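Colleague: all I have is the shape, not the residue letters:
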């Protein structure tokens with residue numbers, strides 16, 4: 001017989017597993033200062049781009065909105081910005097520095113949530 005406290009622990013464990021589910025994303029890494037500064041500016045269509053910065057990002061010069069994920073050092077999602085339109089600024093807690101700039105709609109299509117872990121595959 002399962003007691004109510006055991007049942008609640010089972011549900012809590014399932015909830016934790018669901019919230020920490022791992023999602024695989026293929027991204028291009030911006031390594032050089034020039035690549036980081038340019039980002040997606042001048043591109044005709046969005047691509048998945050990873051860069052490292054503590055200072056925030058802007059979308060001045062972009063031709064399209066983007067989704068943005070901020071990850072901690074274990075690739076856990078700590079901040080989300082959906083559909084960031086051109087000519088905007090997005091800031092977050094500067095202790096985090098892994099930024100994913102994604103095509104708009106990626107977060108919704110993949111039901112990405114805070115605490116999800118992202119398995120990054122560099123292309």
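Modeller: Structure's in. What do you need? The shown structure was predicted, so the numbers you read here are calculated from the model rather than taken from an experiment.
Colleague: could you say which helix or strand contains residue 77?
Modeller: Per DSSP states H and E: residue 77 is located in strand 77-84.
Colleague: so for that strand, what gets flagged as buried?
Modeller: Of the residues in strand 77-84, 77-79, 81-82, 84 count as buried by neighbour count, 16 or more other CB atoms under 10 Å. For glycine as for every other residue, the C-beta is placed from the backbone atoms N, C-alpha and C.
Colleague: buried sites along stretch 41-51?
Modeller: 46, 48-51.
Colleague: any idea how far residue 53 is from residue 37?
Modeller: Residue 37 is 10 Å from residue 53, where distance means CB to CB, to the nearest Å.
Colleague: that older thread, make TSV from the buried residues of strand 77-84 and add distance to residue 26 to it.
Modeller: Formatted as TSV, the buried residues of strand 77-84 follow (distance: CB to CB, whole Å):
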residue	distance to residue 26
77	17
78	21
79	21
81	20
82	20
84	20
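Colleague: could I get these as CSV with pLDDT?
Modeller: Converted to CSV, these look like this (pLDDT from 0 to 100):
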residue, pLDDT
77, 98
78, 97
79, 98
81, 98
82, 98
84, 98
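Colleague: leaving out sequence neighbours, find the closest residue to the residue sitting nearest the centre point of the chain.
Modeller: Nearest to the mean C-alpha position of the chain, by CA atoms, centre = their mean, lies residue 69 at 2.1 Å. Closest residue to residue 69 apart from its sequence neighbours, by CB to CB, 6 or more residues apart in numbering: residue 100 at 4.2 Å.
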